[in-house]
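Novice: quick one, structure for this:
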Amino acid sequence: MDFSLIIERIESLPPLSNATVFVQQLYLNGAENVDIVKLVRIIESDALLTANILKMINAPMYGFSRKIASVSQAVTLFGTELIYGLVMSYSIIEVLKADTTAYGLTSTEFNEMCLMQSALMMQWYSNIDVRHAQFLAPLALIMEAGKLILANEIEESDYSTEFKKGLKKCSVIEEYEYSLVGTTSYFLSALLFEHWNLEPLYVDMLKGLDFEGKPGFKMEYYIDTLHAVRTAINVKEMLTKDSIENACLVVEDMDLDTDHFRHIAQRIKKNYEAHR
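Specialist: From the prediction side, this is the model:
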């Protein structure tokens, strides 16, 4: 599989939807300065975008007992940052339209995995730093986007059967991706974000999640929070006993409360399983 061809594919991808581009423009001066009335109006101008955001926001892993029925209600309850992530998530999926069976998941299961990663980030890290949780939760929602590119490439190649067999046996997904493809899905996510001019700090964090990345100390701390989430929830293990405990080791290395992390992870798992 030729890495340069993957880059060419990314560079040839069409822009995100008009509504998404308008939403991006609203966020140019920071999420805290977004005109909420304009944001709601733009989202509601796209019926499919609206329907999918409400579907995602009402997912059981977010833990709301009552149904969220409008975009304005969603923005009020979840904040502008997460709404940004939901808009980007839907738009990226629409452009890429990937078959994720290379990673052993249906499209629905892959989307649920991403929603769980975001929910875990928001509910866990809000107890530590609310502002940074609001910034990191949208990235947790869309950080796996590179797997959509890679999944398409794998399905169209001669490596499909080999990749699926090796994925089951590997211990570190990113190292396995690199050994077969010459890059990781997180690095591809970073390239996708650059292509669509998404948040530059997200690009830096995604490159740091690449196992060869060498970020600075402060950036590394926030990358570690993403690493804890992806350890607990990933394409091979979604909040299994082992994946939660492995994630707790990452949390412990960060000098954070492992009991709190474990409690939140188990609660999200319970909510998810109760609605399957």
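Novice: roughly how far apart are Ala31 and Leu82?
Specialist: Computed as CB to CB, to the nearest Å, the Ala31 to Leu82 distance reads 9 Å. Using the backbone N, CA and C atoms, a C-beta is placed for each residue, glycine as well.
Novice: and the host helix or strand of Tyr221, what does it pack onto?
Specialist: If you go by DSSP states H and E, Tyr221 is part of helix 217-232. On a contact count with 3 or more CB pairs under 8 Å, 6 or more residues apart in numbering; DSSP states H and E, helix 217-232 meets helix 107-125, helix 130-142, helix 200-209, helix 241-253.
Novice: rebuild these as JSON lines, extending it with mean neighbour count and mean pLDDT.
Specialist: Supplementary listing: the helices and strands packed on helix 217-232 in JSON lines, determined by neighbours: other CB atoms under 10 Å; pLDDT from 0 to 100:
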{"stretch": "helix 107-125", "mean neighbour count": "23", "mean pLDDT": "94"}
{"stretch": "helix 130-142", "mean neighbour count": "22", "mean pLDDT": "92"}
{"stretch": "helix 200-209", "mean neighbour count": "20", "mean pLDDT": "90"}
{"stretch": "helix 241-253", "mean neighbour count": "16", "mean pLDDT": "97"}
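Novice: quick check: which of those is nearest to Ser89?
Specialist: helix 130-142 (5.1 Å; CB to CB).
Novice: the helix or strand just after that closest one - what's its average pLDDT?
Specialist: Next helix or strand after helix 130-142 toward the C-terminus (DSSP H and E): helix 145-155. Helix 145-155 comes out with an average pLDDT of 92.
Novice: buried residues in the helix or strand following helix 145-155, which are they?
Specialist: Counting by DSSP H and E, the next helix or strand C-terminal to helix 145-155 is helix 160-169. Residues of helix 160-169 classed as buried: Phe163, Leu167 (neighbour count, 16 or more other CB atoms under 10 Å).
Novice: tell me which helix or strand comes right after helix 160-169.
Specialist: Helix 160-169 is succeeded, C-terminally, by helix 173-181 (DSSP H and E).
Novice: and the contacts of that next one?
Specialist: 1, 3, 6, 150, 153, 159, 162-163, 166-167, 170, 183-186, 209-212, 234-236 (CB atoms under 8 Å, 6 or more residues apart in numbering).
Novice: tell me what angle it forms with helix 217-232.
Specialist: 90 degrees (axes from the mean of the first three to the mean of the last three CA atoms, to 10 degrees).
Novice: how about the contacts made by Asn271?
Specialist: By CB under 8 Å, 6+ apart, the neighbours of Asn271 are Pro60, Met61, Gly63.
Novice: picking that back up, got a ChimeraX select line for the buried ones in the contacts of helix 173-181?
Specialist: Per 16+ other CB under 10 Å, the buried members of the contacts of helix 173-181 correspond to this ChimeraX selection:
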select :1,6,150,153,159,163,167,183,184,185,186,209,210,234,235
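Novice: roughly how far is stretch 159-176 from the heart of the chain?
Specialist: How far stretch 159-176 lies from its chain's middle: 20 Å, per CA atoms, centre = their mean, to the nearest Å.
Novice: what mean pLDDT does it have?
Specialist: Per-residue scores along stretch 159-176 average to 90.
Novice: quick revisit: let me know which of the helices and strands packed on helix 217-232 is the nearest to Leu13.
Specialist: Taking the helices and strands packed on helix 217-232 one by one with CB to CB, helix 130-142 is closest: 14.8 Å.
Novice: could you tell me the angle between that closest one and helix 200-209?
Specialist: 70 degrees.
Novice: export helix 130-142 as CSV, just CAs?
Specialist: C-alpha atoms of helix 130-142 as CSV (Å, rounded to 0.1, in the frame of the first residue of the first chain):
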residue,chain,number,x,y,z
VAL,A,130,-14.1,21.7,32.6
ARG,A,131,-12.7,24.1,30.1
HIS,A,132,-10.2,21.6,28.7
ALA,A,133,-12.8,18.9,28.8
GLN,A,134,-15.0,21.0,26.5
PHE,A,135,-12.1,21.5,24.2
LEU,A,136,-11.0,17.8,24.1
ALA,A,137,-14.4,16.1,23.9
PRO,A,138,-15.0,17.2,20.3
LEU,A,139,-11.5,15.9,19.3
ALA,A,140,-12.2,12.6,21.0
LEU,A,141,-15.3,12.4,18.9
ILE,A,142,-13.5,12.8,15.6
